[in-house]
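Visitor: need coordinates for the following:
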Amino acid sequence: MKNLSSIFMISLVAMALCSCQDVIDIELRDADRKYVIEGSVVQGVDSAVVRVSRTTSYFDTSGPEAITDAEVELTLPDGTVRVLEHVSEGYYKVMGITPSTNATYSLKVRVDDEIFTAAAYMPESVSIDSLTFKPVLNFFGPPPQGPPKFRAFLNFQDPIARNYYRAVFEGASDSGDKLDEIQVFDDELTNGNYIEIPVFNREYELGDTANVALQTMDADVYKFFDTFESAASADAGSPFSAAPDNPISNIQGGAIGVFAAYSRSEASYVVVE
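Guide: Numbering: from 1, shown residues only. The predicted structure is shown next:
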């Protein structure tokens, strides 16, 4: 289970500069800039969005450079090729698709003379059985003051096959209404079992509505998220700054990033006593 957060620190030996009268020039090596491709196809969503950008120097705080003149194509399982149109700031979109499970989707991106490709398999969706809530307990002292807090538990039957999951939650009282927190896990130790997964990154109060999407993905996409945490740069706000190591990508051709195909099931529950 991975929380999509990270810490990347860099320091210079300032004391040495202050204590010496001689000027000391330190040459800092900068990582090569790379193209970044981030895109997905999602079951139940009739559009696909792909972002194309390029990493900046670690010392450049302006963020990734949006690529607005790329050629982006999505190949559907039946061989149909759809062209994605640029909509804004490096985002490309195609409408009118009907994603299906047990199928492979392919992506091709051309930037100048460089071509990048990726393929992602969309597994069968796994149904959510329920979302249950348990009080948050303080094992080291009295419970916190104020309204009681609850932790959510996602419950479902894992199929007898190797599966890779993303649990995406929204609706906590302190975090707005965006699906912006994700937990990633697999069934290596629980294959074929009934699974109860605690939601570590959210706490709820009575009356809150918790919305959850359980997504499944292929092994290569899971590997990307599994290495996301150690590669991401908190300073740059993205795992695609020019860091020494990047997440293991399923993009071929030298770009970094990920192209994913997610099946999904959804559920909504109100926290009650």
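Visitor: could you use CA atoms for every contact and neighbour count after this?
Guide: Fine.
Visitor: from Glu203, how far off is Ala267?
Guide: 17 Å (C-alpha to C-alpha, to the nearest Å).
Visitor: which of the two has more neighbours?
Guide: A direct count of neighbours by other C-alpha atoms under 10 Å for Ala267 and Glu203 places Glu203 higher, at 21 against 15.
Visitor: assign the closest residue to Arg82 other than its chain neighbours to helix, strand or coil.
Guide: Distances taken as C-alpha to C-alpha, 6 or more residues apart in numbering place Leu74 nearest to Arg82, at 5.2 Å, with adjacent residues excluded. The three-state assignment at Leu74 reads strand, by DSSP: H, G, I helix; E, B strand; the rest coil.
Visitor: show me the beta-bridge partners of Leu74.
Guide: Arg82, Leu107 (DSSP bridges).
Visitor: give the contact list for it.
Guide: Val81, Arg82, Val83, Leu84, Tyr105, Ser106, Leu107, Lys108 (C-alpha atoms under 8 Å, 6 or more residues apart in numbering).
Visitor: I'd guessed the second one sits against Glu71; true?
Guide: Which is Arg82. No: with contact defined as C-alpha atoms under 8 Å, Arg82 and Glu71 do not form a contacting pair (11.1 Å).
Visitor: parallel or antiparallel, which strands does the longest strand seen in the chain pair with?
Guide: The longest strand of the chain (DSSP state E) is strand 256-270. Strand partners for strand 256-270, identified by DSSP bridges, are recorded as strand 35-42 (parallel), strand 209-217 (antiparallel).
Visitor: could you pull up the residues touching Val50?
Guide: Ile37, Glu38, Gly39, Ser40, Tyr91, Tyr92, Lys93.
Visitor: go again with 6 Å.
Guide: Shown in contact with Val50 (C-alpha atoms under 6 Å, 6 or more residues apart in numbering): Glu38, Gly39, Tyr91, Tyr92.
Visitor: if you rank those residues by neighbours, which is first?
Guide: Top of the contacts of Val50 by neighbour number is Tyr92, holding 23 neighbours under the definition other C-alpha under 10 Å.
Visitor: tell me how many other residues crowd the closest residue to Thr209 other than its chain neighbours.
Guide: Excluding the flanking residues, the one nearest Thr209 by C-alpha to C-alpha, 6+ apart is Val270, at 4.4 Å. Using other C-alpha under 10 Å, Val270 has 17 neighbouring residues.
Visitor: all helices of the stretch 101-250 of the chain, in order?
Guide: Along the stretch 101-250 of the chain, counting by DSSP state H, counting those that start in this stretch, helices occupy 219-226, 228-231.
Visitor: list the contacts of the longest one.
Guide: If you take C-alpha under 6 Å, 6+ apart as the criterion, helix 219-226 is touched by Pro247, Ile248, Ser249.
Visitor: hmm, 8 Å instead?
Guide: Residues outside helix 219-226 that contact it (C-alpha under 8 Å, 6+ apart): Lys2, Ala120, Tyr164, Tyr165, Val184, Pro247, Ile248, Ser249, Asn250, Val258, Phe259, Ala260.
Visitor: for the record, mean pLDDT for it?
Guide: Mean per-residue pLDDT for helix 219-226: 93.
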